[in-house]
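A.B. asks: take a look and give me a structure for this.
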Amino acid sequence: QATGETIVHPELEPRIIITTDEAANTLTIADTGVGMSKGELIENLGTIARSGSKAFLEQIKDKAPGGGGAAGEALTGIIGKFGVGFYSAFMVADKVEVFSQSALSGHESHLWRSDGSGSYEIASTTSETTSDEVVLRGSKIVIHLKESCKDYAKAARVESIIRQYSNFVSFPIVLNGETVNTVQALWTKSESDVTDVEYNEFYKFVANAFDDPMYRIVFKADAPLEMKTLFFIGSTHSEKFGYARLEPGVSLYSRKVLIERNS
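C.D. replies: Numbers count the residues shown, from 1 in each chain. Reported below is the predicted structural model:
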């Protein structure tokens, strides 16, 4: 919280709320975060709306003129940065609407709307917002899906994506009223703060196992890059029962978001 600033609705706990609507063919993603003022909507989302995929890729290329590993580092660096995920909405949407209320007092809520063609419109929500669209604090993104992308209006499809890529995000992710991510990212914690039982339960969750691991390795490094590793060795494997070779299952995360499975 900013010093000296009054936060609207301080009682709201940080969370992400996702709602699917197959009948309306929409996917709605809301949060109770800092929100945006009219000026911030124009500065941030307006810039994204004006830049197409070519401009976006050029921006990434500029950050890594050498290509190769440097390009990979640039791509990793934008994970979790504002605007990247929002931009991707236009890949599956005919229209995107953003209702936002700044967390700082003294700002009206506004509606930002664009079809991704390079232009957008913005207006105060006092005249357009229905009771279901009121945002007390934070932002609500309503994605009007293309006919070819109707699958993203299905709860099962969205839940599978959350569990695969964002299962360890710090804030609760609520899908149609039910919290999806309930497991903490234990590799981010100090080993002394985690019990054997917690490690074993975590292993069973990520490995879809029923038994405890035979061994675990916790490793951290901060140079030349920061890395936190939690490595489990299972107590059994399917090969002993005559099944095919069991492939290693090392997953790479950046900012608790899955980057690559079985890397």
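
A.B. asks: any idea how this protein splits into domains?
C.D. replies: 16-179, 186-260 (automatic domain parsing).

A.B. asks: okay, those, which one's buried deepest?
C.D. replies: Counting by mean count of other C-beta atoms under 10 Å, domain 16-179 has the highest mean neighbour count of those, with a mean of 16. Just so you know, the C-beta spots here come from the backbone N, C-alpha and C atoms, and that holds for glycine as well.

A.B. asks: span of that one from start to end?
C.D. replies: 9 Å (C-alpha to C-alpha, to the nearest Å).

A.B. asks: likewise stretch 204-213?
C.D. replies: Start-to-end span of stretch 204-213 (C-alpha to C-alpha) is 8 Å.

A.B. asks: and it, what's its mean pLDDT?
C.D. replies: On average, the pLDDT along stretch 204-213 is 87.

A.B. asks: now stretch 160-168
C.D. replies: 92.

A.B. asks: could you verify that residue 228 is part of a strand?
C.D. replies: Yes. Read with DSSP: H, G, I helix; E, B strand; the rest coil, residue 228 is one of the residues of a strand.

A.B. asks: measure it to residue 218 for me?
C.D. replies: Distance, residue 228 to residue 218, by C-beta to C-beta, to the nearest Å: 8 Å.

A.B. asks: need the residues touching each of the two.
C.D. replies: residue 187 (C-beta atoms under 8 Å, 6 or more residues apart in numbering).

A.B. asks: isn't residue 122 up against residue 111?
C.D. replies: Yes. The pair residue 122 and residue 111 qualifies as a contact (C-beta atoms under 8 Å) at a distance of 6.9 Å.

A.B. asks: just the strands in the stretch 1-150 of the chain please.
C.D. replies: Shown for the stretch 1-150 of the chain, the strands assigned by DSSP state E, counting those that start in this stretch span residues 16-21, 26-31, 93-101, 110-114, 121-124, 138-145.

A.B. asks: residue 167: which of the ones you listed is closest?
C.D. replies: strand 16-21 (12.6 Å; C-beta to C-beta).

A.B. asks: helices or strands next to that closest one in the packing?
C.D. replies: strand 26-31, helix 155-165, strand 173-175 (3 or more C-beta pairs under 8 Å, 6 or more residues apart in numbering; DSSP states H and E).

A.B. asks: how far away is the residue nearest to residue 168 when sequence neighbours are not counted from residue 255?
C.D. replies: Nearest residue to residue 168, sequence neighbours excluded (C-beta to C-beta, 6 or more residues apart in numbering): residue 185, at 3.8 Å. Here the distance between residue 185 and residue 255 works out to 10 Å (C-beta to C-beta).
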